[in-house]
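Trainee: need coordinates for the following:
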Amino acid sequence: MGTARAPSPLKVAAIVAVCVVLVLCFSSPTPAAAQMICNQCDQDCTSSCTGSGGGSCSGACSDPSSTACQGCKQAGFQKCFNSCINFCHNTCVNN
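Mentor: Next up is the predicted model:
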């Protein structure tokens, strides 16, 4: 009975902002030490994405312990993590 909703403008803006920062960080000439290390992609992306999606879940999180809230936060994390891990694997360096 649920209907699909378009992503909120805030969520879209947050994702775009993260992507822009990542692109800017890795498009400038920097030493390899400043880049993501391939065998640390999972750890780096988990750290970067923990807590992502919280702002876009305000409607679902009137009760923070609800299934809807937890699902929204998990979806936000997963979207961030997938983008981050793809970027990391495409641009990382081996140490």
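
Trainee: can we go C-alpha only for contacts and neighbour counts from here?
Mentor: Will do.

Trainee: select the longest helix from this protein.
Mentor: The single longest helix within the chain, with elements called by DSSP state H, is helix 67-91.

Trainee: which neighbouring elements make contact with that helix?
Mentor: For helix 67-91, the elements it packs on are helix 41-49, judged by 3 or more Cα pairs under 8 Å, 6 or more residues apart in numbering; DSSP states H and E.

Trainee: buried residues in the helix it packs on?
Mentor: 41, 44-46, 49 (16 or more other Cα atoms under 10 Å).

Trainee: can you tell me which of these is nearest residue 78?
Mentor: residue 49 (8.2 Å; Cα to Cα).

Trainee: residue 82 is in contact with the closest one, correct?
Mentor: No: the criterion here is Cα atoms under 8 Å, and residue 49 misses it with residue 82 at 9.6 Å.

Trainee: nearest spatial neighbour of residue 50, skipping sequence neighbours?
Mentor: Counting by Cα to Cα, 6 or more residues apart in numbering, residue 50 lies nearest to residue 77, which is 6.4 Å off, once chain neighbours are set aside.

Trainee: so where's this structure shaky on pLDDT?
Mentor: The model of the chain has pLDDT under 70 over residues 1-34, 53-54, 95.

Trainee: tell me who's in contact with residue 68.
Mentor: 60-61 (Cα atoms under 8 Å, 6 or more residues apart in numbering).

Trainee: tell me if I'm right that residue 73 and residue 58 touch.
Mentor: No: between residue 73 and residue 58 there is no contact, the gap being 9.9 Å when judged by Cα under 8 Å.

Trainee: give me the common contacts of these two.
Mentor: Contacts common to residue 73 and residue 58, judged by Cα under 8 Å, 6+ apart, are absent.
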